[in-house]
Each structure stands twice: as C-alpha cells, then as structure tokens.
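# sequence plus the predicted model coming up.
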Amino acid sequence: MTSQHESPGSEGHPPTGAADTGHDVAAAVFDITAALIVVLDRAGRIVRFNAACERLTGYREADVVGQVLWPLVLDAAEAERAVSVYAQMTPARPIGPYETYWIDHLGERRYLTWATTHLLDASGEIELLVATGLDVTEERRTRLEREEGETRFRALFERSGDGVVLIDPHDRVTPWRIVDCNASFARMNGYAREALIGQSVDLLHEDPLMAREGDRLLEWVRAQGEDARGEGTHRHRNGNVFPIESSSSLIMLGGQELVLGLDRDISERKRAEAQLRALNERLVHEARHDALTGLPNRAMLMDRLALELARAQRGAAKVAVMFVDIDDFKRVNDTLGHAAGDDLLREVAARVRRTLRPSDTVARVGGDEFVVLVPDLLSVHHAARVAARLQEALAVPVLVGGLAVTVGCSVGISVSPQDGTEVDELLRNADLAMYEIKKAGKNAVRFFALAMNAAAQARLRIETQLREAVAEERLTLHYQPQVDVSSGRLAGVEALARWTDAELGVVRPDEFISVAEDTGLIVALGAWVLGEACRQATEWSLHVPMSVNVSPAQLLRPDFVDTVASALSRHRLPPQRLKLELTERLTVRDPLLAAEQLGRLRALGVILSLDDFGAGQSAVASLLTLPFQEVKLDRSLLAGVTGDPASWQVLGALLALARGLKLPVVVEGVETPAQLEVLHALGCDTVQGYLTGRPEEASAMTRRLFSSPTSPSPEERMPVPD
C-alpha cells in the first residue's frame, strides 16, 4: 500500500531493496495483528481488508474488495448514517477516534474503537482512509453493566421506601460514620438528611454500641454475607425508641469498603404481632373452653381424661366419668327464653365447680350436658357420694328471670378400669348410663352396666344397616285402609314404611323409625316414602287421600314444601289426594317455623292431619292456631273403652271437640267389633285398624281394591277384613 501511495511531504523512494523489505514487514503486520485494519477509497469502497476483519465478519478480502464497506457490517439505518458522515470528511475535518459496531459472522454486534489516518493524493485531497479498530465489546459490556448497576443502586438508594444508609466502618475518629443516607432513613429517624451525614450511627442508638462493639460487628457482617439480618432499636430525634428490622452487607464503592444498611421501622408490625398473640391466646382458650360457662369443653376434657387414665395405670386409683344432664332444662328454655336458660346454665356450672375438688374437672359438652371427671377414686362408692352431692347442689332453687326455678339432674357414671380404659369408651359408657335414666324417668344416678353396652351395639348395628337400606331404597311400603264408619266405604289409605334386613330380619317400625329420627336419616327416608306413596296413589288412580307420616325433622327443613310439591308434580297426583299426618311434637321445636310451613302446605292444597291426638301431649291450642283439617285420635284412647257408656267420656269429649271445630276425626287402633260399635254410637267419622284391614304390601292391596269382577272404583269399596 505504501509503495503505491506516498504520504504528503514525501521526498522520494528509498532504495529498492529497503523498500521491498519494508513492504514485506508491513504486509506481515497487516495480516497477523489482532487489530482490524481496513483501507477505503474516497467512495468508501474496500481497498484492503486484513485477516482480523475476515475473522470477525466471515468475509474474505478477495470477495469484498471494491464493495462499499458499510452495508456489509452495519444495519441499514446505521450504514446510511455512515455514508453521510464519510461523505462530509475533508482533510480539514477528518474522522476522529470513535466507537461503533460491526455485525460479525454470527449476526451479533461487536463494538469497536477506531482510529483513522488519511492518505492524500498529489492535489491534497483524501485518496484513501486507513482505519484501525480494536474489539472492545467485553470492556463495553462490563462498563455498561457497572454504570447500569450504579444507576440502579442510586435509584434504589433514593427511592426505596426503606431507610438506606451507607456507613464507613473504618473511620477511627467517628466510629461507623454515616457517609450517605436516603430521605426515608432520615425521615424515619426524625432528622434532616444533612444532619445525619458525617455523624456516627451511634447517634441513633440508646448507647454507644458501635464505638464499643464496632470491630466485632464488622466481622460478623463479613462472616454472614447476605444473611446479616436482625432486629434492634433506634432512638428517634424526639427521644422515642422504636423497633427496627435491619439488613447489612459490605460493598465496594470508589475503592472503599462500606457497610450498606437497610432499616425498616417495624413498630406497626410489632403492635400487630402483639395483637395476634393476644388473639391467639384468646382463641386457644376459646378452643378449649365453653364460651357460655367458661368451663373446659370436650376437647380439653378428653385431654385431661387421657392424662388421668395414663396416671391411674401407674397406680391403683380409679377414675370416674360422670355424664350429668339437667332435668327439665328445655321447659325453662321454652318458658322463660334462651337468655334465662343461659343464666341457669352459668349458675349450674358455678355450683358444680364449688362442689368438686380442685383436682376434679367439670366440662360442658352440650346444651344442658356436663361431664365431671373425678380422678384418684379409692372406691366406686366415692363416685356415688360425689354424684349425690351434685344432685343436692342443683336441687336448691335458682332465681332466674325473677322466678325461683328448681331443676334436678340425671347422672350416668362409668369407672375405670372396670368400665373401660380408653377415653371414648368411658365417655360412651357414662352417656349410656345416663340415657337409661332418661328412658326410665329422671333425677337419678346410675352406674354403667354391660347390658347397656349390648343394647347400644344393637342400636348401632340397626343404624348402620338402615343407612345402607335407605341409600339403596331397600325398604318397602305397606298400605292400611281407612274406612268410613257409616257407609263402610274406603275413606283413605295410609302408607307405612316396613323393613326386612338380610341380617337383622324383620325390624319393627318403632325400632328403626326412632333410630332414623335420632340420626337424621328420617329426612331421606321420609322423602322416599313420600315419593313412593304418591307414585302408588297415581298407579291405583285413588280418589281418596293417600296418608303419609311426616316427622318434625322433615317439616322444619326449609325445602320440605318444595319436596312435597316436587313429588306431586313428578307423579301427577292432585294435591287433595295427599294427606300429611303430623304429630304435635313438631310445634315444640320451633312453633313459628312450624306454623309457617303448615301454612305453605295448606296453600299447596294437601290435607293436614293432627296425628296421635290425646296421647298425653295434646294441646287444644294446636287445633285452634294451626291449619289442621283433620284430627287423628291415638289408639291408646280405645284401651279402656267397654260396653259401659261411662268409659266413653274422654273419647266422646274429644269427638265433640272436633265436631265443634268442624274437623273430621279418624280413630286408629280399632281391633274389635265392640270398639267399632262404640265409635259408631259416638258419631265417629272414620276408623283404621286391624278390624277393617291390616297393613299389606302393594300387590295385596291392589288385589283387595280391584278384586270385584265389575271393578268398582276404590273409593266405593270397603276392604275385605282379614
């Protein structure tokens, strides 16, 4: 290149041999140097393209000589700008050192710093430009990352919501001198930023901590690395001390080792934590204590019982569990209201507590049910004496709502080890003993006996089998006719649930119905009975009502009326062909809801019959206030009726009452012709019983209803007695 073009001011050529040697050296340097060397003519066309250029771009010199450089190594926009800059170049305005990029053979940008030299022609104009470039991509990336990091650091430093502070831990004059801090740090501590810079951070401490422990703390920060975190306190400018959460780390800034601290005022969090601790303590207490009486609840009782049983196994003492049920509590609740009932329960709890030893435990486990745990018994008689003292304490009248109320209690007792050694076993057995008292009466003390457990196991077995039978619809319906006394015609049919189990055999209705009511199965069972009875009534085309018994648990469900309406619609049975028989027990649980539900059923069009009237719980008020359309007298009213008219008085009075209220009457349990004659003489409307027809399966009832060759309608026929 230099042999063809002389620099300005050249005074001639050197000797030929020397020129050749210089040319060879220049050529060698041109191709072995790591620098990029490119020679361009005045139009920007490539004259020379050294090996370093070839390696970076992937182009060979022979292929690019004569081509304009910039479209080969720059994006279109940058190439256009380079053409413009190059065109404006003059000897007086050369292109100085600059940085740009070339696109390498992988399509990535490589950043280069360039120095240029102009070679002039004889007229003093630029003939060639020699550009030498060095690849500074990595250095540029490092620089940009450092600059970006510093920018981010400064932005975070200034804008952080936490207090950020830079501290020089090596200053021997001002221990842990504050080099800089952000506005949040200054505001958090109550100072102006300028007032803190240059001060020891001990200004914010209650004592000169850093002056005393600074070296040790610096070593701790160095050892912890990113995990140098903790909690402490700062002293505000106003003198108040507040808690902080602090994180520290070492950074190099301007060649100096500094501590970067991030502090956060955690006063609110500490207050919230204190509130949460108090709440948690209250919740723990509430989780183990009854809210009304403050007594231990079932969970705490079971823990204490387990502890006492474990302790008793190591010695010879006995442990008694007493299930205490308050007699007649429901009467107080229904008569005086729930507030009075709550007052009574609190007084009962206080009296029981005063009666027991400090080592004994009394817990409330239900509405009016308490369990007393008496450890360290020397004999069973000791348990009996404790139960007697409980009864004496509760027998004293309690002033509730301005009235003196007397209640008793029934106490069922199980004793470990003879009645069991497990928590659940002892509780269950004490409950069984108390349940036996309730069946026999009330206000008594009874110890558990194995016979009770056998009865409970039998009941549990019935419940298990019944649950499966209801789910799989394995029960059946039998049907019993209701007959008009005067004409002998069919007046109605009652659907009665029957159950024969593969393992238990025939289970009496009074056994499985009571289990269904106690366990809630009565809802599903009742819904099935209702649907099946409606289906059968439609199949028979009955023109008399089909009666279905309804339990209080069914009636008081909000969706019961919808269940009835759905069954009628599904089986296309007119509402007046369905009679629902309900007992007065339903009005005791929730009289307002019962009245509302009965009103909705009456509006639906079904017939409502008051069942078991005269059985001992009857109230004339039910007939006066509730929308019943029929009265069904209990079979017990016929037990003492004979041919002597004097024995008819109660029965006659009830029939007269019903006639006065214009309510039809059905008497159930009619089994003898003499009973039927008495009822006829008293003007009874309808009867039901073994005399006029036993409950039968659907197939047998079908034959009875449609056995006549002339096939009269069912409502005109009296079923043939068995």
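Structure's in. What do you need?
# drop to CA atoms for contacts and neighbour counts, all remaining ones
Will do.
# tell me the helix or strand right after the helix or strand bottoming out on mean pLDDT in the chain.
In the chain, no helix or strand scores lower on mean pLDDT, DSSP states H and E than helix 586-589, which sits at a mean of 56. Later in the chain than helix 586-589, the nearest helix or strand by DSSP states H and E is helix 591-604.
# by contact count, what packs against that following helix?
helix 560-571, helix 586-589, strand 607-613 (3 or more CA pairs under 8 Å, 6 or more residues apart in numbering; DSSP states H and E).
# buried residues, the longest one. List them.
By neighbour count with 16 or more other CA atoms under 10 Å, helix 560-571 contains the buried residues F560, V561, T563, V564, A565, A567, L568, H571.
# and it, how far out from the chain middle?
34 Å (CA atoms, centre = their mean, to the nearest Å).
# what angle separates it from helix 591-604?
If you take axes from the mean of the first three to the mean of the last three CA atoms, to 10 degrees, helix 560-571 sits at 20 degrees to helix 591-604.
# hmm, who's touching helix 560-571?
By CA atoms under 8 Å, 6 or more residues apart in numbering, the surrounding residues in contact with helix 560-571 are 527, 530-531, 534-535, 538, 554-555, 574-575, 597, 600-601, 604.
# what's the closest of the residues you listed to A681?
Proximity of these to A681 (CA to CA) peaks at P575, which lies at 32.7 Å.
# give the burial count for I251, as a bare number.
When neighbours are counted by other CA atoms under 10 Å, I251 registers 13.
# do the same with D227
Other residues within reach of D227, judged by other CA under 10 Å, total 12.
# could you number the chain from 24 rather than 1 from now on?
Taking 24 as the first residue, the last one we looked at is D250.
# mind listing what it touches?
S270.
# where does the prediction get shaky in this protein?
For the chain, applying pLDDT under 70 flags the ranges 24-49, 170-179, 181, 474-476, 478-480, 607-613, 639-642, 644, 731-745.
# could you measure from the closest residue to F651 other than its chain neighbours over to V108?
Nearest residue to F651 in three dimensions, chain neighbours excluded: L631, at 5.0 Å (CA to CA, 6 or more residues apart in numbering). The gap separating L631 from V108 is 105 Å, by CA to CA, to the nearest Å.
# how about E700?
Note on E700: its distance to V108, by CA to CA, is 131 Å.
# for C432, which residues count as its bridge partners?
Note on C432: beta-bridge partners by DSSP bridges are I349.
# that one is in contact with D350, isn't it?
Yes. Between C432 and D350 a contact is recorded at 5.0 Å, counting by CA atoms under 8 Å.
# of the two, who's got more company?
C432 (26 against 20).
# ok, that one - contacts?
If you count contacts by CA under 8 Å, 6+ apart, then C432 has V347, D348, I349, D350, Q414, L417, K465, N466, A467 around it.
# greatest separation within those: which pair is it?
Greatest spatial distance in the contacts of C432: L417 and K465, 13.7 Å, computed using CA to CA.
# and stretch 522-534, how far out from the chain middle?
With CA atoms, centre = their mean, you get 40 Å for stretch 522-534.
# picking up where we left off before, mutual contacts of C432 and D350, please.
Here C432 and D350 have K465, N466 as joint contacts, going by CA under 8 Å, 6+ apart.
# re the thing from before, count the residues that sit near the residue nearest to F651.
So L631, with other CA under 10 Å, has 22 neighbours.
# next, work out how far apart it and L677 are.
From L631 to L677 the distance is 18 Å (CA to CA).
# kindly indicate whether I267 is helix, strand or coil.
strand (DSSP: H, G, I helix; E, B strand; the rest coil).
# wait, doesn't it sit right on K293?
No. Between I267 and K293 there is no contact, the gap being 9.7 Å when judged by CA under 8 Å.
# now do the helices in the stretch 74-223 of the chain.
Using DSSP state H, counting those that start in this stretch, the helices found in the stretch 74-223 of the chain span residues 74-80, 84-87, 93-96, 99-110, 160-182, 206-212, 216-219.
# Q503 is in contact with R717, correct?
Yes. The pair R717 / Q503 is scored as a contact, 5.8 Å apart, by CA under 8 Å.
# between those two, which is the more surrounded one?
The residue with more neighbours, out of R717 and Q503, is Q503; 24 against 18, by other CA under 10 Å.
# the more buried one: which element?
Using DSSP H and E, the element containing Q503 is strand 499-507.
# note down every partner strand of that strand and its orientation.
strand 513-524 (antiparallel), strand 709-711 (antiparallel), strand 719-720 (antiparallel).
# and the contacts of the shortest one?
If I follow you right, that is strand 719-720. So strand 719-720 is contacted by T499, L500, H501, Y502, Q503 (CA under 8 Å, 6+ apart).
# M112: neighbour count?
13.
# and it, what does it touch?
M112 sits next to I118 when contact means CA under 8 Å, 6+ apart.
# show me what the helix or strand harbouring A246 is packed against.
Taking DSSP H and E as the definition, A246 sits inside helix 232-247. Where contact means 3+ CA pairs under 8 Å, 6+ apart, helix 232-247 is packed against strand 264-276.
# at 6 Å what do you get?
Helices and strands touching helix 232-247, by 3 or more CA pairs under 6 Å, 6 or more residues apart in numbering; DSSP states H and E: there are none.
# so who does E280 touch?
The neighbours of E280, taking CA atoms under 6 Å, 6 or more residues apart in numbering as the test, are I274.
# on the strand side of things, show who it bridges to.
Beta-bridge pairing of E280 under DSSP bridges involves M275.
# could I get the helices and strands packed on helix 614-627 as JSON lines with distance to D158?
Formatted as JSON lines, those follow (distance: least, CA to CA, whole Å):
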{"stretch": "helix 583-594", "distance to D158": "86"}
{"stretch": "helix 609-612", "distance to D158": "93"}
{"stretch": "strand 630-636", "distance to D158": "101"}
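# could you dump the buried residues of helix 583-594 to CSV with distance to L661?
Below are those laid out as CSV (distance: CA to CA, whole Å):
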residue, distance to L661
F583, 33
V584, 34
T586, 35
V587, 33
A588, 36
A590, 35
L591, 35
H594, 37
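# just those residues now: which is nearest P94?
Closest approach to P94 among the buried residues of helix 583-594 (CA to CA): T586, at 84.9 Å.
# could you measure from that closest one over to P597?
Per CA to CA, T586 is found 15 Å from P597.
# try L95
Where P597 is concerned, L95 sits at a distance of 95 Å (CA to CA).
# could you do Y713 as well?
Counting by CA to CA, the gap from Y713 to P597 is 29 Å.
# then L426?
Counting by CA to CA - L426 and P597 are separated by 52 Å.
# T378 too?
Where P597 is concerned, T378 sits at a distance of 63 Å (CA to CA).
# ok, Y214 next?
Counting by CA to CA, the separation of Y214 from P597 is 87 Å.
# same check on P198?
Where P597 is concerned, P198 sits at a distance of 98 Å (CA to CA).
# and these two? Which one has more around it.
Each of P198 and P597 has its neighbours counted (other CA under 10 Å); P198 has more, 22 against 16.
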